[in-house]
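Enquirer: I would like the atomic coordinates for the input below:
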Amino acid sequence: MPVPVYVDEDELRRLHGQGLIDREIAERMGLAHRTLARRRQKMGLAHNFDSKRNSETASLGGKPRAKIDEATLRSLHAQGLSSNVISERMGIAENTTRKHLRRLGLENNYRNRPTQADTLDEATLRSLHAQGLSNKQISEQMRVHHDAIGEALRRYGLESNYARSISPKPKPKPKLKPKTKPAPKLVSKPKLIPKPKPTPKPKPNRSATIKGRGQTDAQALYAMRIGIIQAAWRRVVANATEAIR
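Expert: Model (predicted):
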């Protein structure tokens, strides 16, 4: 968490009373400019920037902010002068004149000047509008800007005919298919005749050595097992007979 910065409010009030701006007060108190500005606003003190800037510009040979005589401004405005002419008469910037006019609740007199819409012949305008002409077509015939035509139509409660003057959309051109090259002719390859596979040699039948005539494989195997058992039994009997003797 940030450590809170201690601000001596009594010292801040004293330096602010001397007319110092925030930057100078912050340098003297060793604080950041933003920290001092937030504390000054929290204390409800106004900014000394405007008064300080006027005094600094005057000391440096510059031109301080001009003081506006509201009575003179109202008098020139009542004569129907625009903000440009008033600023030339009073020796101030035009933006300054406009700002003070807004503050006094006065509108700039350039809005009261006659416009092209005021000079148009209403009968001619209505006649061209009744023919279904658009604002641009009417402006070409009456030789004025089409914005003036639109403004005059709104004054007389007429709607623009721009919707009627819209030309139909041209039919889309058919898309031409791109020229394609003819496909190359396929040359048929000669069919290859497969070589005949060699016939496999028959495997020798091992059961034929132990199989007699007219016997199946199982019968031949059974007879072979019986013969083996009988031979083994004969050897056992012979060996027992020799042992008894």
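Enquirer: For Ile229, give me the pLDDT.
Expert: We note a pLDDT of 90 for Ile229 in this prediction.
Enquirer: Going by secondary structure, Gly150 is in what exactly?
Expert: Using DSSP states H and E, Gly150 maps to helix 146-155.
Enquirer: which helices and strands sit right next to that helix?
Expert: helix 122-130, helix 135-142 (3 or more Cβ pairs under 8 Å, 6 or more residues apart in numbering; DSSP states H and E). Where C-beta positions appear, they are placed from N, C-alpha and C, glycine not excepted.
Enquirer: Using CSV, write out every CA atom in that helix.
Expert: Provided in CSV are the C-alpha atoms of helix 146-155 (Å, rounded to 0.1, in the frame of the first residue of the first chain):
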residue,chain,number,x,y,z
HIS,A,146,-28.4,22.7,-52.8
ASP,A,147,-28.1,23.3,-49.1
ALA,A,148,-30.0,26.5,-49.5
ILE,A,149,-32.7,24.7,-51.4
GLY,A,150,-33.0,22.1,-48.5
GLU,A,151,-33.2,24.9,-45.9
ALA,A,152,-35.9,26.7,-47.9
LEU,A,153,-38.0,23.6,-48.4
ARG,A,154,-37.9,22.9,-44.6
ARG,A,155,-39.1,26.4,-43.9
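Enquirer: what distance separates it from the centre of its chain?
Expert: 37 Å (Cα atoms, centre = their mean, to the nearest Å).
Enquirer: and whichever helix or strand comes after it, which residues are buried?
Expert: Sequence order places helix 217-244 as the next helix or strand after helix 146-155, per DSSP H and E. Of the residues in helix 217-244, none count as buried by neighbour count, 16 or more other Cβ atoms under 10 Å.
Enquirer: Check stretch 31-39 too.
Expert: Buried residues in stretch 31-39 (16+ other Cβ under 10 Å): 31, 36-37, 39.
Enquirer: Tell me the gap between that stretch and the middle of its chain.
Expert: Put simply, stretch 31-39 sits 38 Å off its chain's centre (Cα atoms, centre = their mean).
Enquirer: Quick one: closest of the helices and strands packed on helix 146-155 to Thr97.
Expert: helix 135-142 (33.6 Å; Cβ to Cβ).
Enquirer: can you tell me the average pLDDT over that closest one?
Expert: Averaged across helix 135-142, the pLDDT comes to 87.
Enquirer: thinking again about what came up before, make TSV from the helices and strands packed on helix 146-155 and add mean neighbour count and distance to Ala78 to it.
Expert: Putting the helices and strands packed on helix 146-155 into TSV (neighbours: other Cβ atoms under 10 Å; distance: least, Cβ to Cβ, whole Å) gives the following:
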stretch	mean neighbour count	distance to Ala78
helix 122-130	14	31
helix 135-142	18	35
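Enquirer: Ok, which of the ones you listed comes nearest Glu88?
Expert: Proximity to Glu88 (Cβ to Cβ) singles out helix 135-142 among the helices and strands packed on helix 146-155, at 33.9 Å.
Enquirer: Which strands and helices lie in contact with the closest one?
Expert: helix 122-130, helix 146-155.
Enquirer: What's the first helix or strand after the lowest-mean-pLDDT helix or strand in the chain?
Expert: Lowest by mean pLDDT, DSSP states H and E among the helices and strands of the chain is helix 49-59, with a mean of 50. With elements assigned by DSSP H and E, the helix or strand that comes after helix 49-59 is helix 70-78.
Enquirer: Export only the CA atoms of that next one, formatted as CSV.
Expert: Output in CSV follows, covering the C-alpha atoms of helix 70-78 (Å, rounded to 0.1, in the frame of the first residue of the first chain):
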residue,chain,number,x,y,z
GLU,A,70,-19.7,44.1,-20.9
ALA,A,71,-21.6,47.3,-21.6
THR,A,72,-19.5,48.0,-24.7
LEU,A,73,-20.0,44.4,-25.8
ARG,A,74,-23.8,44.6,-25.3
SER,A,75,-23.9,47.9,-27.2
LEU,A,76,-22.0,46.6,-30.2
HIS,A,77,-24.0,43.4,-30.3
ALA,A,78,-27.2,45.4,-30.2
